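Undergrad: Could you work out the structure for the sequence below:
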Amino acid sequence: MANEFTFRITTTRFDEDYAPSADSRVTTNFANLARGERRRENLRNALTMIDRRLNDLASADNADGDRYTAELDIVSAHLRFATEGDDQEFPLLEVLDVHIVDRLTGERHQGIVGNNFSSYVRDYDFSVLLPSVNEAGGAFTVPEDFGVLHGKLFQHFLESEAYRERFPLPPVVCISVSTSRTYRRNGTHHPVLGAEYEQDSFSLTDEYFAKMGLQVRYFMPRGSAAPLAFYFRGDLLSDYTDLQLIGTISTMETFQKIYRPEIYNADSPAGSVYRPTLERDDFSPTAVTYDRVERSQLAITQGRYTDEHFVTPHRTVLTQWAAGYATAPAR
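TA: Reported below is the predicted structural model:
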């Protein structure tokens, strides 16, 4: 079953001229910004926020605060089935790849791929499969195999020739902390990542990413209002340079300030014990237009699209392949 499908990667520059492609997952943060009358202003403001945070964190030999700029590419991974047919290729996932340009030396540094991770199959799992299992009411139920196919596809992609040809290191997926969990500082402090927090228990998202072979740690960088969740393979603290980590923080913190300003643009930072909430008024909205309601609605639409064009027509192939694919659990 190893040759039932392959992966194809395409890239699109994310800048103020960016426009989503026809098969781009439109609930992705960067795609949400790039539509409507203010699309160019949105994109320019978001990129400016990223560069400001980048230079704020990379302050050494950077007296004017403008030494570095981020270059972002949208990486789209397409899964291509060996069989012919209308649904032979499917847009599996999208992430951002970061490069950091040093204006002083002219060097262009490889950052970390993985920011703004988005997946059609994840939309199916959370917006179609999970609600269907719980539509009868009663105690909330998570199917035993929830996220297993997605996790195996993700790990297979990281092991593919298509990924290894382009990216020297595993991805780091940086997202918001969960509003259903409480986080406590544990006394660990990293010079770039900042103060580490630990959650009271694993969230459904934590467990979902674990099936993708990713472990999680939570850090609140200097100047941040709340901790961020970092999902990774290997060793987050030693596998990446300080500048690479700064590129990831700057990019994803910016998107979280836009998407969840109640948490990441709050007027007061998280304390030693922190319970994130979207029900607060002491925050500052950004100058970037973002439609959270539309994002939630489109996740359902895209989940149904995944069912129709990926899960249902290829169910037999995917089930047989997943049964024979062994993955290593997150450490």
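Undergrad: Quick check: next helix or strand after the lowest-mean-pLDDT helix or strand in the chain?
TA: Scoring the helices and strands of the chain by mean pLDDT, DSSP states H and E places helix 29-33 at the bottom, with a mean of 65. Once the chain leaves helix 29-33, the next helix or strand it forms, by DSSP states H and E, is helix 39-57.
Undergrad: what about that next one, distance to the chain center?
TA: Relative to its parent chain, helix 39-57 has a centroid offset of 18 Å by Cα atoms, centre = their mean, to the nearest Å.
Undergrad: if you average pLDDT over that helix, what comes out?
TA: Across helix 39-57, pLDDT averages out at 94.
Undergrad: Tell me the helices and strands packed up against it.
TA: Other helices and strands packing on helix 39-57, by 3 or more Cβ pairs under 8 Å, 6 or more residues apart in numbering; DSSP states H and E, are helix 29-33, strand 68-81, helix 242-259. For the C-beta atoms, the positions are set from N, CA and C on the backbone; glycine is no exception.
Undergrad: Those into a markdown table, with extra columns for mean neighbour count and distance to residue 289?
TA: A markdown table is the format used below for the helices and strands packed on helix 39-57 (neighbours: other Cβ atoms under 10 Å; distance: least, Cβ to Cβ, whole Å):
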| stretch | mean neighbour count | distance to residue 289 |
| --- | --- | --- |
| helix 29-33 | 23 | 8 |
| strand 68-81 | 20 | 19 |
| helix 242-259 | 24 | 9 |
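Undergrad: List just the one of these that sits closest to residue 203.
TA: Nearest to residue 203, of all the helices and strands packed on helix 39-57, is helix 242-259, at 16.2 Å by Cβ to Cβ.
Undergrad: what about that closest one, distance to the chain center?
TA: That offset, for helix 242-259, works out to 11 Å (Cα atoms, centre = their mean).
Undergrad: what helices or strands is it leaning on?
TA: Judged by 3+ Cβ pairs under 8 Å, 6+ apart, the packing partners of helix 242-259 are helix 29-33, helix 39-57, strand 68-81, strand 89-102, strand 108-119, strand 172-176, strand 228-232, helix 261-264.
Undergrad: OK, contacts around residue 126?
TA: The contact partners of residue 126, by Cβ atoms under 8 Å, 6 or more residues apart in numbering, come to 299, 303.
Undergrad: how about stretch 154-172 as PDB, C-alpha atoms only?
TA: Taking C-alpha atoms only, stretch 154-172 is exported to PDB below (Å, rounded to 0.1, in the frame of the first residue of the first chain):
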ATOM      1  CA  PHE A 154       0.700  14.000   8.600                       C
ATOM      2  CA  GLN A 155       3.600  11.800   9.700                       C
ATOM      3  CA  HIS A 156       3.800  10.100   6.300                       C
ATOM      4  CA  PHE A 157       4.100  13.500   4.800                       C
ATOM      5  CA  LEU A 158       7.000  14.500   7.000                       C
ATOM      6  CA  GLU A 159       8.800  11.300   6.100                       C
ATOM      7  CA  SER A 160       8.100  11.800   2.400                       C
ATOM      8  CA  GLU A 161      10.700  12.700  -0.200                       C
ATOM      9  CA  ALA A 162       8.700  15.800  -1.100                       C
ATOM     10  CA  TYR A 163       9.000  17.200   2.500                       C
ATOM     11  CA  ARG A 164      12.600  16.100   3.100                       C
ATOM     12  CA  GLU A 165      13.800  17.600  -0.200                       C
ATOM     13  CA  ARG A 166      12.600  21.100   0.900                       C
ATOM     14  CA  PHE A 167      12.800  21.300   4.600                       C
ATOM     15  CA  PRO A 168      15.900  20.400   6.700                       C
ATOM     16  CA  LEU A 169      14.000  20.300  10.100                       C
ATOM     17  CA  PRO A 170      10.700  19.000  11.400                       C
ATOM     18  CA  PRO A 171       7.900  21.600  11.700                       C
ATOM     19  CA  VAL A 172       6.800  23.500  14.700                       C
END
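Undergrad: looking at this, residue 216 is in a helix?
TA: No. Using DSSP: H, G, I helix; E, B strand; the rest coil, the assignment for residue 216 is strand, not a helix.
Undergrad: now residue 323: how far from residue 317?
TA: Separation of residue 323 from residue 317 (Cβ to Cβ, to the nearest Å): 11 Å.
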